[in-house]
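**Q** build me a model:
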Amino acid sequence: ELEAERNVNGAARNADQQFVTLSGGWGQLRVGEMLNAATIVHNQAPGAGAAFSDIDTFLNPATMVTGMASQVTTVDGIADAGAGSNAIDYITPMFGPFALGVTYTPRVLSRGLAQELGATLKDLLGVAGVYADKWGPVGVNFDIAYARFDSSGANGALAQGMSQGMPIGMKLTYGSWEVGGSYFRIWDNLKDDATTTDGSFDGSSWDAGIAYATGNWKFGYQYYHSSFEGATNTKGRDKQSIHNLGSAYTMGPGVTATANLAYERNHDEQGTTDASKRYGYGLVTGLLLAF
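**A** This next block holds a predicted model:
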């Protein structure tokens, strides 16, 4: 997966994912730099146009709360844990409507021929179960996973300790309609390592959404909410919520115009001053090109 810009450290590198896949009647094995299996099979709230992460980029440019990376309810949302790291994944073939995926990442954020952001997280282990079937005219997709990893506490990103998470997702389809959502519960035993910048993701996040497609148009509404412990030396919870009303119009093969009306609310765990509260409204338009 090639990107137009270089990485955060300025190294001359524009490859985000690079891996080899071996597959057959026994399942699929992937080795390399990629998203982990639990993330690939996860179902989240359907919508149209800009994603939650796009909305947050515009309405919350200076992040003030402990929040999931890209506002996703998967393991990768915890400090980008396992997002594009060197890993080994295995996904079984379908046994009727069921399948199983396992993933192992020895050093999270340790990338191929170069490294990004250091390698402060390690030993990401995960397993995910998938159900996909049709109940009459209704398509049913469900997933549940468990994953854990350790943090060294370096770079002030996280305190020392272990994070565990259990994401659950579901999506139903009927004709041109999609409805679904997901929930992610995180348990942190992270401990302060004598700095005030360390953060804990202990808490939960969830989303829900509905989408409808007709002709070249697609419309959707999504809601996202998260509540995390945040700084380990402060009581309370960091909270974030996003409303996202979107539309998309396919102008031609690979060309899509989008427009989203969004509202975002962020409350720092202290929540006692105006500086610890932020609200934002926005109209976001875009042109997507795919080839």
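**Q** next up, the contacts around the residue lying closest to residue 285 once chain neighbours are set aside.
**A** Of all residues not flanking residue 285 in the chain, residue 259 sits nearest, at 4.9 Å (C-beta to C-beta, 6 or more residues apart in numbering). Every residue, glycine included, has its C-beta placed from N, CA and C. By C-beta atoms under 8 Å, 6 or more residues apart in numbering, the residues touching residue 259 are 49, 246, 247, 283, 284, 285, 286.
**Q** which of the residues you listed lies closest to residue 232?
**A** Closest to residue 232 out of these is residue 284 (34.1 Å), distances taken as C-beta to C-beta.
**Q** what's the helix or strand for the closest one?
**A** Residue 284 belongs to strand 277-289 when assigned by DSSP states H and E.
**Q** direction included, what does that strand pair up with?
**A** Note on strand 277-289: by DSSP bridges, its sheet partners are strand 255-267 (antiparallel).
**Q** for the partner strand, C-alpha coordinates in CSV please.
**A** Taking Å, rounded to 0.1, in the frame of the first residue of the first chain, the C-alpha atoms of strand 255-267 are listed here in CSV:
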residue,chain,number,x,y,z
VAL,A,255,-14.9,9.0,-8.7
THR,A,256,-17.0,9.8,-5.7
ALA,A,257,-18.1,13.2,-4.3
THR,A,258,-19.0,13.3,-0.5
ALA,A,259,-20.4,15.8,2.0
ASN,A,260,-20.8,15.4,5.7
LEU,A,261,-22.4,17.5,8.4
ALA,A,262,-20.8,16.7,11.8
TYR,A,263,-20.8,17.6,15.5
GLU,A,264,-18.0,16.6,17.9
ARG,A,265,-17.8,17.0,21.7
ASN,A,266,-14.7,16.5,23.8
HIS,A,267,-14.5,16.6,27.6
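**Q** show me what counts as buried in it.
**A** By neighbour count on 16 or more other C-beta atoms under 10 Å, the buried set for strand 255-267 is 256, 258, 259, 260, 261, 262, 264, 265, 266, 267.
**Q** who does the residue nearest to residue 285 bridge with?
**A** Note on residue 259: beta-bridge partners by DSSP bridges are residue 247, residue 285.
**Q** gap between it and residue 224?
**A** Taking C-beta to C-beta, to the nearest Å as the measure, residue 259 falls 19 Å from residue 224.
**Q** repeat for residue 42
**A** In terms of C-beta to C-beta, residue 42 sits 14 Å off from residue 224.
**Q** so the two - more neighbours on which side?
**A** A direct count of neighbours by other C-beta atoms under 10 Å for residue 42 and residue 224 places residue 224 higher, at 30 against 25.
**Q** who does that one bridge with?
**A** With DSSP bridges as the criterion, residue 224 is bridged to residue 207, residue 242.
**Q** surely it and residue 44 touch.
**A** No. With contacts counted by C-beta atoms under 8 Å, residue 224 stays clear of residue 44, the gap being 9.1 Å.
**Q** shared neighbours, these two?
**A** Contact criterion C-beta under 8 Å, 6+ apart; residues bridging residue 224 and residue 44 by contacting each: residue 207.
**Q** buried residues in stretch 161-169?
**A** The neighbour-count check on stretch 161-169 (16+ other C-beta under 10 Å) flags 161, 163, 164, 165, 166, 167, 168, 169 as buried.
**Q** so where's this structure uncertain?
**A** Low-confidence segments of the chain, defined by pLDDT under 70: 3-15, 61-62, 82-83, 109-120, 152-160, 190-198, 271-275.
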